[in-house]
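A.B. asks: A predicted structure for the sequence below; I have some questions about it.
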Amino acid sequence: MAYNPAVVQPMREEVTRLGVTELTTVAEVDAVLGNPKGTILVFVNSVCGCAAGNARPALAAALRHGTVPTTVVSVFAGQDVDAVARARSYFNEYEPSSPSMALMRDGEVLHFIHRHQIEGRTPELIAEELMAVFDQYCEVEA
Amino acid sequence: MTSTPFVPHHDRHPFHGITVVVDTPARVFVGRLDTADDVEVVLKDVGYHDDIATREDYLSRTAKYGVKRLTGVVTLPTASAVSIRPLAEVVG
């Protein structure tokens, strides 16, 4: 059962105000993930307070880093069901979990952070992991 | 850092909401811990593996690719649980 949209909206905005493009339909997902350019970070947003409450600020901190993916998008698990299923189809070797994050290039998953790697970790630690993989795989921002 | 407020469940088990590995003599379970007390352990979104010989492979694969959900909820007698540890700590 989906949560009340009014409850979820601040969680969406916590991500979109970072400049992250939220994908809410299959067509929007295909337009980005089906035609990848450079590195793409897919953030699977979630209501789950235990993990998502740390994942979102971690994402915010990581996106302030000098090196970031070419494109950053989000889908919202449990809310935009079709869009999330479509996004997961692009990294379907990984089991569904939310929140989670997939860094991709040319359709290949370069790094995946599962929910179990977010649970119990501080935003700072999660952000450090993200920034390390950005440094490893992404171009320096112009 | 600002974030949408979250009120932790102080009345729950310390691993509440955490993906844990529960070892039992016959089977290893991986799932999100809901509750655990002196009587029972309740896991949600659970995967499991029966072959002790390939247990480590199963856990390594689960750590990398995620929990393959085989059932929604598992309730175990606490006495049958040899250990309960976060997946992230079992496979670093």
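C.D. replies: That came through fine. Since the structure is predicted, the reported quantities are computational estimates derived from the model, not experimental observations.

A.B. asks: At which residues are the helices of chain A located?
C.D. replies: With helices called from DSSP state H, chain A shows them at A:5-16, A:26-33, A:49-62, A:81-89, A:123-137.

A.B. asks: same thing with chain B?
C.D. replies: B:55-65, B:87-90.

A.B. asks: residues contacting the residue of chain B found nearest chain A?
C.D. replies: Closest residue of chain B to chain A, CB to the nearest CB: B:Gly66 (3.1 Å). C-beta here means a position set from N, CA and C on the backbone, and glycine is covered the same way. With contact taken as CB atoms under 8 Å, 6 or more residues apart in numbering or on different chains, B:Gly66 is in contact with A:Tyr94, A:Glu95, A:Pro96, A:Ser97, A:Ser100, A:His114, A:Arg115, A:His116.

A.B. asks: Apart from its chain neighbours, what residue comes closest to it?
C.D. replies: A:Glu95 (3.1 Å; CB to CB, 6 or more residues apart in numbering or on different chains).

A.B. asks: Correct me if wrong: that neighbour contacts B:Lys68.
C.D. replies: Yes - using CB atoms under 8 Å, A:Glu95 and B:Lys68 qualify as a contacting pair, with a distance of 5.4 Å.

A.B. asks: more crowded one of these two?
C.D. replies: A:Glu95 (19 against 15; other CB atoms under 10 Å in any protein chain shown).

A.B. asks: Can you tell me the centre-most residue of chain A?
C.D. replies: Central residue of chain A (CA atoms, centre = their mean): A:Phe43, 0.7 Å from the mean position.

A.B. asks: how near is it to chain B?
C.D. replies: 14 Å (CB to the nearest CB, to the nearest Å).

A.B. asks: ok so, going back, turn the helices of chain A into JSON lines, columns for mean neighbour count and mean pLDDT.
C.D. replies: Formatted as JSON lines, the helices of chain A follow (neighbours: other CB atoms under 10 Å in any protein chain shown; pLDDT from 0 to 100):
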{"stretch": "helix A:5-16", "mean neighbour count": "15", "mean pLDDT": "92"}
{"stretch": "helix A:26-33", "mean neighbour count": "17", "mean pLDDT": "98"}
{"stretch": "helix A:49-62", "mean neighbour count": "23", "mean pLDDT": "90"}
{"stretch": "helix A:81-89", "mean neighbour count": "18", "mean pLDDT": "97"}
{"stretch": "helix A:123-137", "mean neighbour count": "18", "mean pLDDT": "97"}
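
A.B. asks: So which of these is nearest chain B?
C.D. replies: The minimum distance between chain B and the helices of chain A falls on helix A:49-62, with 3.6 Å, by CB to the nearest CB.
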